[in-house]
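Q: below are the sequence and a predicted model; questions follow.
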There are 2 protein chains.
Amino acid sequence: MSDQAVGTVSSEQLAELAGVNAAKVRKDLSYLGSYGTRGVGYDVDQLVREVSRELGLTHDWPVAILGVGNLGRALANYRGFRARGFRIVALVDADPAKVGTRVGDLTVEPVEALSRLVTERGVAIGLIATPAAAAQAVADRLVAVGVRAILNFAPAVVVVPPEVSLRKVDLATELSILSFYQQQGRRAGDGVGV
Amino acid sequence: MSDQAVGTVSSEQLAELAGVNAAKVRKDLSYLGSYGTRGVGYDVDQLVREVSRELGLTHDWPVAILGVGNLGRALANYRGFRARGFRIVALVDADPAKVGTRVGDLTVEPVEALSRLVTERGVAIGLIATPAAAAQAVADRLVAVGVRAILNFAPAVVVVPPEVSLRKVDLATELSILSFYQQQGRRAGDGVGV
DNA sequence: CTCTGTGAAATTTTTCACAGCG
DNA sequence: CGCTGTGAAAAATTTCACAGAG
């Protein structure tokens, strides 16, 4: 909406886009403060600013990608990250044949370089895009060198100490949810919001 | 666990792996029926069977991938799908330069072929891996040719009729959640389950 | 008038706690 | 005994409904 120069938006409109109740939108947004105007709605640009502030998107987060297979490359080339302040600053792979190759304007580095890369480039988030078998070992290494936020794309359960944030994107699970609703004849709700 | 020949598992163990309360595991599993043995736990293989049945994973679901960029290729090569009964049966791209190229053992087809592919190959689920700008048009085409389950990876809001199941995987949102917890000094919970 | 912000009510989810089966 | 299955209680989330700001 901001790109399309929409000035204001109502909770009703946002609710429709998100597939939820308008009261929920208002209640949720009220936690940011009172940024709406009664009888008018919310100022789009202000809302983007306030939400960005709350989510910690006002500054850049350096990101490292572990595992430079198809998925790792897809993540490295994903344009959506940059737009939200996530900057890919390092690519790491265990395969010596991949080390030294270039993806975009980054060179693939060996696993041994991880500690140095994290320090030098201030890596705050690690994306695990390795095969399942390697995921836990890679997570352990990330934790060991001080990375405290991990997004795991590998289809494996990974355990980390309580002070580390860990999320998992499981592509097969997403499809399973769809198949569940297909079979039920019901309709799957929204996935991960916008 | 099944691969590792674990015979039975308790709700307590499952709860720890999933990061939830044991009572929740038991209550959730109870919706499948009474498959646990008191004093012992759940039979791993039986549990896998019952959950698969409930989720509709006992038969194959033919899947089409729309958009054969890095992400599309990563999805096409993703091994986790096959293991859960999702078979990639068609690759479609709007770029004439990509049409005719091969990815794995599939040939990239033009968008015009979609209707025929869906019919001939029984496509039940469509994965949108196009740029954001193309996502809605591709979704419209999928709906028009009768696909009733869509997983959208493009960073765009897509609207479909109520009878169609739509889920969205938003990679930047996942990172945003991590950054939120980083900033809060709190810890992000689990993401999409195992 | 319109649309927000929010107490209060309704609903859903989660946890407790324990009877009872193997 | 140990662990499931499940009513009942507690907690969290969602919705209603409306006062009141612009």
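A: On my side now, so go ahead. Keep in mind that what you see is a predicted model, and the values were worked out from it rather than measured. Numbering: from 1, shown residues only, chains lettered A, B, ... in the order given.
Q: please point out which parts of the host helix or strand of A:Val138 sit buried.
A: Taking DSSP states H and E as the criterion, A:Val138 maps to helix A:132-144. Neighbour-count burial for helix A:132-144 flags A:Ala132, A:Ala134, A:Ala135, A:Gln136, A:Val138, A:Ala139, A:Arg141, A:Leu142, A:Val143 (criterion: 16 or more other C-beta atoms under 10 Å in any protein chain shown). Yep, even glycine has a C-beta here, placed from its N, CA and C like the rest.
Q: can you show me the CA trace of that helix as PDB?
A: Extracted as PDB, the C-alpha positions of helix A:132-144 are listed here (Å, rounded to 0.1, in the frame of the first residue of the first chain):
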ATOM      1  CA  ALA A 132      18.900 -33.100   7.400                       C
ATOM      2  CA  ALA A 133      21.900 -35.200   8.500                       C
ATOM      3  CA  ALA A 134      24.100 -32.100   8.900                       C
ATOM      4  CA  ALA A 135      21.700 -29.800  10.500                       C
ATOM      5  CA  GLN A 136      22.400 -30.400  14.200                       C
ATOM      6  CA  ALA A 137      26.200 -30.200  13.700                       C
ATOM      7  CA  VAL A 138      25.800 -26.900  11.900                       C
ATOM      8  CA  ALA A 139      23.500 -25.600  14.600                       C
ATOM      9  CA  ASP A 140      26.000 -26.600  17.300                       C
ATOM     10  CA  ARG A 141      28.700 -24.700  15.400                       C
ATOM     11  CA  LEU A 142      26.500 -21.600  15.100                       C
ATOM     12  CA  VAL A 143      25.800 -21.600  18.800                       C
ATOM     13  CA  ALA A 144      29.400 -22.200  19.600                       C
END
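Q: which secondary structure elements does that helix contact?
A: Counting contacts by 3 or more C-beta pairs under 8 Å, 6 or more residues apart in numbering or on different chains; DSSP states H and E, the secondary-structure elements packed against helix A:132-144 are strand A:61-66, helix A:114-121, strand A:125-128, strand A:149-152.
Q: what's the average pLDDT for it?
A: When pLDDT is averaged over helix A:132-144, the result is 97.
Q: quick one, it and helix A:114-121 angle?
A: Helix A:132-144 runs at 50 degrees relative to helix A:114-121, counting by axes from the mean of the first three to the mean of the last three C-alpha atoms, to 10 degrees.
Q: ok, A:Leu17 touching B:Val158?
A: No. Here A:Leu17 does not reach B:Val158: they are 10.6 Å apart, not a contact under C-beta atoms under 8 Å.
Q: give me the more crowded residue out of the two.
A: Legend: neighbour count by other C-beta atoms under 10 Å in any protein chain shown for A:Leu17 and B:Val158, higher for B:Val158 (20 against 14).
Q: leaving out the residues flanking it, which one is nearest to the more buried one?
A: Ranked by C-beta to C-beta, 6 or more residues apart in numbering or on different chains and with sequence neighbours excluded, the top spatial neighbour of B:Val158 is B:Ala139, at 4.6 Å.
Q: I'd say that neighbour and B:Thr130 touch.
A: No. The pair B:Ala139 / B:Thr130 is not scored as a contact, 9.5 Å apart, by C-beta under 8 Å.
Q: re earlier: tabulate the buried residues of helix A:132-144 in CSV, adding columns for distance to A:Asp170.
A: What follows is the buried residues of helix A:132-144, written out as CSV (distance: C-beta to C-beta, whole Å):
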residue, distance to A:Asp170
A:Ala132, 11
A:Ala134, 16
A:Ala135, 12
A:Gln136, 15
A:Val138, 17
A:Ala139, 15
A:Arg141, 21
A:Leu142, 19
A:Val143, 21
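Q: including distance to DNA strand D, could these go into JSON lines?
A: Written out in JSON lines, the entries for these read as follows (distance: C-beta to the nearest atom of the strand, whole Å):
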{"residue": "A:Ala132", "distance to DNA strand D": "26"}
{"residue": "A:Ala134", "distance to DNA strand D": "31"}
{"residue": "A:Ala135", "distance to DNA strand D": "26"}
{"residue": "A:Gln136", "distance to DNA strand D": "25"}
{"residue": "A:Val138", "distance to DNA strand D": "31"}
{"residue": "A:Ala139", "distance to DNA strand D": "27"}
{"residue": "A:Arg141", "distance to DNA strand D": "33"}
{"residue": "A:Leu142", "distance to DNA strand D": "28"}
{"residue": "A:Val143", "distance to DNA strand D": "27"}
